[in-house]
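K.L.:
How does the following fold in three dimensions:
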Amino acid sequence: MANLTSISKSEKSYIQTALEAVPPLREDGRALYDFRAVLLATGVAPLANGSARINIGKNPEEGAGGTEILAATKLEVETVDSGDGVDGGRIVCTVTCSPAAYPLLSMNALDELQYDYTTTLHQVLSHPSLHPRNLGILPRKKSWLLNLDLVVLSDAGNVYDAMFMAARAALWDTKVPITRAVQYTAKKSSSSKPVDEKMDTDESSSGFDTRQIPSAQDFDLPDYWDEGEVLGGRELWPLAVTLNIHSSVHFLDATSKEEAAAPLKMMAAFAFPSTSSPTIQAVRLLGPGELQHARLQTLLSEAERFGQEMYDALEIKLRDEDFRRNHKARNRFAQR
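P.N.:
Have a look, this model is predicted:
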């Protein structure tokens, strides 16, 4: 991976020495396992099926700074039998990095970074164990393509954790349109009876049948005020925990300078099913450092504990966002 932040050898040595001190010292005064302030809002893109914006480390005095990511989902209809779609639907993730977030990188290096972020996110979120149950429309005919797009607006460190939090929030916010299968049938007429020139408005004999028919060839979208149902299995979308490792010390939510001073990072993604223990969805080691197997097991246990705390805090915030937006939408609908 490209060097995202440039620091001098003396600054790197100063940061590493401070981390090894007793007690450990960080530039902003945080403890090793403390996060910076996390700001989250959902429903920030009106034309998307789901969206979220997250900022980690925003300066409260200046009102700027920190790692900021915008995530949005968009659903498209795909035809399965023509080979474009997949029966039951599919998910495609894309990450784009703003050049302003990485001013030291060339365009080629920026493309490589975007590809790395995209591959990591897509491989985790498109895994069959996380596949939503309601992305299918008509069996073997029509399905939904869920596009999840992330834009890294600024990177002040810990971008992997921020990406997965933004992705989870946008997927949590996603509403899948409710569909209704339709079948076009020719009206039966008896040759012994004259054909009535008037249009037959009897629903039982209409050629446009909107009942749930197994052999339906198409679908329509009923007009519902809440724009659909939530994405199936939304409680399973994983979160990532990045442990920054230096010597015998590991710490959370590194700033850009701390990332440059830490020779190794371990990114672990966990899903947290409500009926079972957390499951590991992915593990990546980033950087030139080495890690012994025995310590890897310890770090994974630590990452799981930190991930559970992150999940619980984010769950509370997402449910608050749900209540706020649904309450506002109901009031607006009642005034029509």
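K.L.:
lowest-pLDDT helix or strand in the chain?
P.N.:
strand 208-209 (a mean of 49; mean pLDDT, DSSP states H and E).
K.L.:
For stretch 43-56, output the C-alpha coordinates as PDB.
P.N.:
Output of stretch 43-56 as PDB, limited to C-alpha atoms (Å, rounded to 0.1, in the frame of the first residue of the first chain):
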ATOM      1  CA  GLY A  43     -30.700   9.600   5.100                       C
ATOM      2  CA  VAL A  44     -28.300  12.200   3.900                       C
ATOM      3  CA  ALA A  45     -28.900  11.400   0.200                       C
ATOM      4  CA  PRO A  46     -32.600  11.900  -0.700                       C
ATOM      5  CA  LEU A  47     -32.400  10.000  -4.000                       C
ATOM      6  CA  ALA A  48     -30.600   7.000  -2.600                       C
ATOM      7  CA  ASN A  49     -32.400   3.900  -1.200                       C
ATOM      8  CA  GLY A  50     -30.200   4.300   1.800                       C
ATOM      9  CA  SER A  51     -27.400   6.600   2.900                       C
ATOM     10  CA  ALA A  52     -25.100   7.600   5.700                       C
ATOM     11  CA  ARG A  53     -22.300  10.100   6.500                       C
ATOM     12  CA  ILE A  54     -19.700   9.400   9.200                       C
ATOM     13  CA  ASN A  55     -16.900  11.500  10.600                       C
ATOM     14  CA  ILE A  56     -14.300  10.300  13.100                       C
END
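K.L.:
quick one on the thing from earlier: tell me the first helix or strand C-terminal of the least confident helix or strand of the chain.
P.N.:
Per DSSP states H and E, the first helix or strand lying C-terminal to strand 208-209 is strand 218-220.
K.L.:
for that following strand, which positions count as buried?
P.N.:
Neighbour counts over strand 218-220 (16 or more other CB atoms under 10 Å) mark Phe219 as buried. For glycine as for every other residue, the C-beta is placed from the backbone atoms N, C-alpha and C.
K.L.:
repeat for stretch 266-275
P.N.:
For stretch 266-275, burial by neighbour count (16+ other CB under 10 Å) applies to 266-272.
K.L.:
Give me the phi and psi for Glu259.
P.N.:
Backbone geometry at Glu259, expressed as degrees, to the nearest 10, gives phi -60, psi -40.
K.L.:
Just list the residues touching it, thanks.
P.N.:
Glu259 makes contacts with 4-5, 157-158, 244, 265, as judged by CB atoms under 8 Å, 6 or more residues apart in numbering.
K.L.:
So, low pLDDT: which residues of the protein?
P.N.:
1-3, 183-217, 223-226, 325-336 (pLDDT under 70).
K.L.:
Taking the centroid of it, which residue is nearest it?
P.N.:
Ala167 (1.7 Å; CA atoms, centre = their mean).
K.L.:
Contacts only, for the spatially closest residue to Leu221 that is not a sequence neighbour.
P.N.:
Once flanking residues are discounted, Leu221 sits nearest to Pro177: 5.3 Å by CB to CB, 6 or more residues apart in numbering. Contacts for Pro177 (CB under 8 Å, 6+ apart) come out as 75, 221, 227-228.
K.L.:
looking at these, which has the most residues close by?
P.N.:
Leu75 (20 neighbours; other CB atoms under 10 Å).
K.L.:
picking up where we left off before, what separation is there between the residue nearest to Leu221 and His127?
P.N.:
24 Å (CB to CB, to the nearest Å).
K.L.:
Could you give the separation between the terminal residues of stretch 284-303?
P.N.:
In stretch 284-303, first residue to last residue: 12 Å (CA to CA, to the nearest Å).
K.L.:
Go through the contacts of Pro177 and name the one nearest Asn108.
P.N.:
Each of the contacts of Pro177 was scored against Asn108 by CB to CB, and Leu75 proved nearest at 32.9 Å.
K.L.:
The closest one: what's it in contact with?
P.N.:
Counting by CB under 8 Å, 6+ apart, Leu75 has contacts 49, 144-147, 174, 176-177.
K.L.:
Mind listing the residues bridging to it?
P.N.:
Judged by DSSP bridges, the bridge partners of Leu75 are Leu146.
K.L.:
hey, where'd the helices end up in the chain?
P.N.:
9-20, 107-125, 159-173, 256-261, 293-334 (DSSP state H).
K.L.:
tell me the most buried of those?
P.N.:
Neighbour counts (mean count of other CB atoms under 10 Å) averaged over each of those peak at helix 159-173, with a mean of 26.
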